[in-house]
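>>> I would like the atomic coordinates for the input below:
(chains A and B)
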Amino acid sequence: MNMIEETKVKTLDIKVKNKYELVIGLEVHAQLLTNSKMYTADSTTFGNLPNTNISVITLGHPGTLPKVNKRAVEFAIKMGLACDSEITRKNIFARKNYFYPDLPKGYQLTQDKNPICVGGQVPIVLSSGEKKSIALTRIHMEEDAGKSIHLAGEVDTLVDFNRAGVPLIEIVSEPDMRSSEEAYQFLTEIKKLVKYLDVCDGNMEEGSLRCDANVSIRLRGEDELGKKVEVKNMNSFRNVARAIEHEFERQVLLSESNTEIISETRTFDATSGTTASMRTKEDLNDYRYFPEPDLSPVIVSEEWLKTIQDNLPPLPRELFEKFVLEYGLPEYDAGVLSDNKEIALFFEALCHLTTNYKAASNWVMGPVKSYLNELTLHIDDFPISITSLASLIQLIDAGKVSYSAAAQKIYPAMLLDPKKDALEIATELNLIQESSEDSLKPIVESVLKENSQKVLEYKSGKKGLMGMFMGQVMKKSNGKADPKVATKILTEILDN
Amino acid sequence: MEKFRSFDEIKKSLENKETDCKAVVTYYLNNIQTKAHLNAFVEVYTQSALDQAAAVDKKLASGNAGKLAGMVLGIKDVLCYQGHEANASSKILEGFESQFTGTAIQRLIDEDAIIIGRLNCDEFGMGSSNENSVHGRVLNGVDEERVPGGSSGGSAVAVQANLCTASLGTDTGGSVRQPAAFTGVIGVKPTYSRVSRYGLIAYASSFDTIGVFSNTVKDNALVLEIMAGSDDFDSTASRKPVPHYSELLHFDKPAKIAYLKETIYSDSLQDDIKENILGTLETLKKEGHEIVEVNFPLLDYVLPTYYILTTAEASSNLSRFDGVKYGYRSPNAHNLESMYKMTRSEGFGPEVKRRIMLGTFVLSASYYDAYFTKAQKVRRLIKEFTENLLDKYDFIIMPTTPSTAFKFGEHSNDPVAMYLEDLFTVQASVSGVPAISIPNGTDRNGLPIGLQIMANSFKEADLFAFANYLTTMKS
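You can find the predicted model right below:
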């Protein structure tokens, strides 16, 4: 399979490819983390036995009517606010009509002309460091369909309606992306946002985040957009990028051989890394959208909007800015720390207990993250409390223990016995540095007394002997002397 | 001997211990049997009605019975009642049993109304003669050669033939008022959204209402006041408080009444009906009411607007009947596409298919703006015109129907002629305002004539009071 890909790449001269510009727009479906469905009280729990999360409303029995899940609306508004979208005040739902066995009513309840969020943008950062903002067309609310199950050897198709009616938001971008990397970064940002906002678990493999890509090409410098191809069935960010790359090359090859590119829907095959035609525009459904008469419009009042706005958690880019501007951290640190909501909040909490922000950042990015990665733990399961970690940083800052002793001895001991506080462990391990001048002075004095000859040499100009005196002091103090304090006393006595 | 034609009569007999609910139900059951050939009932709940009656009798004895104790109701075959079949008179819902009880019916049962059975109608409420039913046609008790009107023909005849105290129908474009007129009973279509639609098998969601048939205005008012009101299961149901209509039936002020010139002088209006209504208007004038002739330039657009919008909604509402989950599935299907096509081709009757196709057409991308969007705009104009008029005048009076009950088969081959039957009833449906049809004498053949009164949205109390005044003025 790789062979095929390679041949294709070879046949496409990079110069030829560069004549063209790649244009990408993405449609991302995010399954909302509400307890009940979009239009009924039925549960949304994933993984239950088939057809157990259903009622007459989910099944579209005659005489039933939908009712809007306010929480789902709230989640959609949260996402819109996080993307700087305009929030629609009067929300009208629409029916998208088509026949499919997993669609119980024969239409999907969605939004057509009045999406809940209009416009907005998602800022991304590319590996080159370049920053770009991807504009959003809209975010709208809709319901998921059920699942058709084709069992091997079974003639009939079975339908599981558990997922039918589960709330979704569809995030539609403008055709603003110009490379598969931009698409990848856009998806990364979307995932980060939905997880920060707690509106979706962002799991693309399990299908709670789904992405369709609209891909077209045009000659560089051209204003008009090329014929759009919609690619479906990509189950990871990487596959989205692969599918886009493949489409780019396929469309360039077609264009170069003067073959018309058709507007169609194509499906991505992860094994071969290629796309294949699903249906052309000619046999596209006419969905006959019209305003849903079974639901009264959902009005978003100023009050409601304000409550949602006031309860919005800090967003990743806000935290990034805070870490850089307020805590004076390098952009790299701020990026790593704000990448994951839980890590960012852990770090934030730590910064309330210490003012040595850089030390806090080093600890979180270094020892803390590597411990979590090693054991594939979630930050919630990190054994050491924020208070203990802050007191460890405090011990180093106060000169009570050295950084190396803290990192190599105290921290591992704290992980094993998290109930013990840093100072307690340091004392037990005899790692507290002698930092009081009163206790160090006699040691310094006895070292100098034992080396009176060297003292004379020092005084006559052999300043390099300072290291030797330090070594002796450390040795005599069993390594517990705080080097800074010892140096200070040594200099005071010798230079007088 | 005829008895129990009103709930007051039943209540009196119950209070005087001359009868009990069981006897009332038995009386109606006998009538149903005698008049079985009218084909009003699709199914009679003999045992459960008798059981319910026994339970209500117990409650009456212990003094904790509901407001409707002793009332016996029939329900149209488009209303959901848990554990009972609901077919919408369609083959596609053959054998389908509802798993829940609709809000309106539940509220009536909670007040101890007894449900005696379900009533024949046109398939999915689509028709004006009750000839489009998988259960067969319903005969008009006045003249069995003639239609009872539709779509709630069974509900009208059940009250006409004294097979129950009152009945429920549904009215999307006249389906309560027109059969009420044809059978000589009282039929009301409340304001759109006044009664929850939860449990009503949808025809056209933005038009559908649950209405009431009865012999007296008071019974009609009482049933409506109990069904009406907000409902968690229907977000479109109004949250406005519901007045006690049945206690507000006294009308003693001069009314400002408009009549629409284009309706009364319409070419399609039967002469006898024209004379009848002009006579009524004359009497009202003499009684001191203000009668004003008003132009209604939009009359020609009312029917097209109605048929574009209702068929559009119906085409989507009826998509769920696909053979996948419940109801009829064609045994001849061999794959998914043929299952859809054969199930729906075999399951739906010709009128329903005609309306699904019309609705699909007006919603299709190429014709959407020319039909659907335009009809929505015209609907707004008609609604505004009607509401403005009803701000100025207390009531609009017009005939309920252009003709009295016609003979079976008379319009069967001409759907447009059949659609014209709704000419005067659709205005209230398009506008959402309440309207009532009351019996107003007969034509030269002795066939009942219906008089229609419209009031502004949520003015049901005025509507009932005025209708009550009119019926007492006549007698």
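>>> can I assume B:Pro179 sits in a strand?
No: counting by DSSP: H, G, I helix; E, B strand; the rest coil, B:Pro179 falls outside a strand, being helix.
>>> Isn't it up against B:Val142?
No: checked against CB atoms under 8 Å, the pair B:Pro179 and B:Val142 is beyond contact range at 11.8 Å. No exception for glycine: its C-beta is placed from N, CA and C like everyone else's.
>>> The two: which has the busier surroundings?
B:Pro179 (39 against 21; other CB atoms under 10 Å in any protein chain shown).
>>> Now for the closest residue to chain A within chain B, how many residues are close by?
Residue nearest to chain A within chain B: B:Ser319 (2.5 Å; CB to the nearest CB). B:Ser319: 23 surrounding residues under other CB under 10 Å.
>>> which residues touch it?
By CB atoms under 8 Å, 6 or more residues apart in numbering or on different chains, B:Ser319 lies in contact with A:Asn97, A:Phe99, A:Lys105, A:Gly106, A:Tyr107.
>>> same check, this time on A:Pro383
A:Met414, A:Leu415, A:Pro418.
>>> Which ones among those lie within helices?
Using DSSP state H, the subset of the contacts of A:Pro383 located in helices is A:Met414, A:Leu415.
>>> Any stretches of the stretch 1-150 of chain A with poor pLDDT?
A:1-11 (pLDDT under 70).
>>> for chain B, what are the nearby residues on it?
With CB under 8 Å from any CB of the partner chain as the criterion, the stretch 1-150 of chain A meets chain B at residues A:56, A:59-68, A:95, A:97, A:99, A:101, A:104-107.
>>> change it to 7 Å
A:56, A:59-63, A:65, A:67-68, A:95, A:97, A:99, A:101, A:104-107 (CB under 7 Å from any CB of the partner chain).
>>> Just want the most central residue of the chain.
Here I'm looking at chain A. Central residue of chain A (CA atoms, centre = their mean): A:Lys192, 3.1 Å from the mean position.
>>> hm, I was asking about chain B
B:Val176 (2.3 Å).
>>> Verify the stated contact: that residue with B:Ser152.
Yes: using CB atoms under 7 Å, B:Val176 is in contact with B:Ser152, at 5.4 Å.
>>> thinking again about what came up before, may I ask which two of the contacts of B:Ser319 are separated the most?
A:Phe99 and A:Lys105 (10.6 Å; CB to CB).
>>> More neighbours: which of these two?
Set A:Phe99 next to A:Lys105 and count neighbours by other CB under 10 Å: A:Lys105 wins out with 25 against 17.
>>> Chain A contacts on the stretch 201-350 of chain B?
Taking CB under 7 Å from any CB as the contact definition, the stretch 201-350 of chain B meets chain A at B:201, B:205-206, B:233-236, B:312-313, B:316, B:319-320, B:322, B:324-325, B:336, B:340.
>>> repeat that for 6 Å
Contact residues, the stretch 201-350 of chain B versus chain A (CB under 6 Å from any CB of the partner chain): B:201, B:205-206, B:234-236, B:313, B:316, B:319-320, B:324-325, B:340.
>>> Filter those residues down to just the buried residues.
Buried by 16 or more other CB atoms under 10 Å in any protein chain shown: B:Ile201, B:Ser205, B:Ser206, B:Asp234, B:Ser235, B:Thr236, B:Glu313, B:Ser316, B:Ser319, B:Arg320, B:Val324, B:Tyr340, out of these.
>>> Enumerate every residue touching the last one.
Okay, so that is B:Tyr340. By CB atoms under 6 Å, 6 or more residues apart in numbering or on different chains, the residues touching B:Tyr340 are A:Phe99, B:Asp322.
>>> sec struct for it, please.
Secondary structure for B:Tyr340, judged by three-state DSSP, is helix.
>>> So A:Ala276 versus chain B, what's the distance?
According to CB to the nearest CB, to the nearest Å, A:Ala276 and chain B sit 21 Å apart.
>>> That residue belongs to a strand, doesn't it?
Yes: according to three-state DSSP, A:Ala276 belongs to a strand.
>>> Give me the neighbour count for it.
Neighbours of A:Ala276 (other CB under 10 Å): 9.
>>> what's across from it in the sheet?
A:Thr267 (DSSP bridges).
>>> now chain B, which segments are flagged as low pLDDT?
In chain B (pLDDT under 70), the answer is B:1, B:474-475.
>>> The stretch 151-300 of chain A now?
Applying pLDDT under 70 to the stretch 151-300 of chain A flags the ranges A:280-284.
>>> What are the boundaries of the strands in it?
Secondary structure of the stretch 151-300 of chain A (DSSP state E, counting those that start in this stretch): strands located at A:158-160, A:167-173, A:209-219, A:229-234, A:264-269, A:274-280, A:290-291, A:298-299.
>>> and the residue of the stretch 51-200 of chain A found nearest chain B, how many neighbours?
When distances are taken as CB to the nearest CB, the stretch 51-200 of chain A reaches nearest to chain B at A:Gly106, 2.5 Å away. As a burial measure, A:Gly106 scores 21 neighbours (other CB under 10 Å).
>>> hang on, isn't it packed against B:Arg320?
Yes: applying CB atoms under 6 Å, one finds A:Gly106 in contact with B:Arg320, separated by 4.8 Å.
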